[in-house]
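S.K.: give me a 3D structure for the following:
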Amino acid sequence: MAGEASLEAVRRVESAPLQDLVGLTVDDVEAQMDSLLAADVDSASLYRRWEQQQWAVSDLDFAQDRSDWQSLPAGIQQVTQHTMTLFFIGEQAVTDTLAPLLHAAPREDERIFLATQIADEARHTVFFQRFFEEVLGVGGGLHAALDAINPRATEGFRRIFEHQLKDAMDLVRREPENQRAWVEGVVTYHLMIEGYLAITGQRSLLRMLRNVGLMPGFRTGFTAVARDESRHIGFGVLALRRRVTADSEMARVIALKVLELLEPAVRTVISPDRRLPIEDPREIPEPMRVNGLELREFALSSLAKRLVAAGLSAAVVKSIRTQAEAYYEAAWSEYERNHGLRHPVRFFQEGLVSAPL
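M.R.: As a prediction, this is how the structure comes out:
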């Protein structure tokens with residue numbers, strides 16, 4: 001029965017027009033993401049999905065979102081806007097930097113798919129730009145959105161986007177024949193930025209907004225973004241699996257790059273240098289709570305699935321996961337040292353508070 005339910009969820013996500021996406025759960029989208037890890041998924045089928053799953057930012061209706069946003073508690077607004085701003089920055093950064101990966105892709109089918117991905121990233125940037133202007137009242141695009149948050153609070157994020165991503169793509173641009181550089185670029189973007197950071201943030205934000213039934217325009221558009229990114233992640237796993245199949249040494253290249261990116265990625269999720277506006281999760285209405293332990297389990301399990309599907313051994317994947325768990329604990333402890341108070345995750349560890357599943 002569980003398998004049938006999962007298949008039905010995949011079918012719903014695959015075929016839903018834009019207006020029906022608001023009725024889907026994030027679990028439905030994640031089931032569809034996992035289905036694209038199958039060995040029989042190829043770049044041609046991912047391209048066909050891109051043709052069939054087109055959507056327009058201009059078709060979204062943000063009228064209800066504007067009033068819903070004003071109803072959110074101030075602390076929830078602050079956390080939510082910070083998360084949305086990081087997504088906005090990320091989409092813009094990828095739109096600006098992904099072209100070398102397309103240019104250097106050695107196979108025509110890979111170049112064709114990556115062209116669709118760049119178009120998707122531009123659409124995602126427009127989605128956030130429109131939402132920020134019409135709902136949050138932050139016009140002026142990305143720079144105005146950045147001014148609305150404290151840039152010092154995103155040290156891990158800046159390491160990933162301003163250094164790791166740019167450096168990886170610049171090396172691919174300078175050395176388009178360097179297969180290792182291309183593989184590391186795919187790991188950086190498709191596995192870590194989209195397959196770890198993005199889907200984790202999407203899960204927490206979409207679940208929270210669905211639990212309280214607010215902001216249907218944003219949920220519709222962000223679910224469409226998530227569906228787009230399921231294709232991108234599926235492509236990344238496919239591309240890496242091809243390289244590992246052709247050269248087993250590439251499994252080691254992938255593992256080393258993941259390990260290099262893990263610590264700044266975890267620090268992006270936890271942001272130990274940023275004091276959270278709500279210190280005790282018991283002060284947050286239960287439908288709006290996010291359990292950091294559950295989110296860590298989801299993020300690391302999702303990353304593990306993708307690494308196994310790409311061709312890494314179970315032992316190597318287990319070692320990566322163990323290291324990641326240690327980075328989470330270190331970041332939570334650093335937060336407590338920095339701010340002199342317990343990280344909200346401790347309330348969940350001690351069973352003092354619960355969150356909806």
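S.K.: okay, CA-based contacts and neighbour counts for the rest of this
M.R.: Noted.
S.K.: buried stuff in the longest helix seen in the chain?
M.R.: Using DSSP state H, we find that the single longest helix of the chain is helix 216-246. Judged by neighbour count (16 or more other C-alpha atoms under 10 Å), helix 216-246 contains these buried residues: 216-241, 243-244.
S.K.: report all helices and strands that that helix contacts.
M.R.: With contacts defined as 3 or more C-alpha pairs under 8 Å, 6 or more residues apart in numbering; DSSP states H and E, helix 216-246 has these neighbours: helix 26-35, helix 43-52, helix 63-71, helix 108-131, helix 179-186, helix 199-212, helix 249-270, helix 292-310.
S.K.: how about those helices in CSV, adding mean pLDDT?
M.R.: Output for those, formatted as CSV (pLDDT from 0 to 100):
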stretch, mean pLDDT
helix 26-35, 92
helix 43-52, 96
helix 63-71, 95
helix 108-131, 94
helix 179-186, 98
helix 199-212, 92
helix 249-270, 96
helix 292-310, 96
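S.K.: so for Pro356, which of the ones you listed sits nearest?
M.R.: Closest to Pro356 of the helices and strands packed on helix 216-246 is helix 199-212 (C-alpha to C-alpha; 8.2 Å).
S.K.: contacts for that closest one next, please.
M.R.: Residues outside helix 199-212 that contact it (C-alpha atoms under 8 Å, 6 or more residues apart in numbering) are 25-26, 80, 83, 215, 219, 222-223, 226, 287-290, 295, 298-299.
S.K.: may I ask which of these has the most neighbours?
M.R.: In terms of neighbours by other C-alpha atoms under 10 Å, those top out with Arg219 at 26 neighbours.
S.K.: report pLDDT for that residue.
M.R.: For Arg219, the pLDDT comes out at 97.
S.K.: wait, it touches Leu24, no?
M.R.: No: at 9.5 Å, Arg219 does not count as touching Leu24 under the criterion of C-alpha atoms under 8 Å.
S.K.: spatially nearest residue to Phe113 (excluding sequence neighbours)?
M.R.: What sits nearest to Phe113 in space, not counting adjacent residues and going by C-alpha to C-alpha, 6 or more residues apart in numbering, is Tyr47, at 5.9 Å.
S.K.: please disregard the earlier target; I meant Arg231.
M.R.: Using C-alpha to C-alpha, 6+ apart and skipping residues adjacent in sequence, the residue nearest Arg231 is Leu46, 6.1 Å away.
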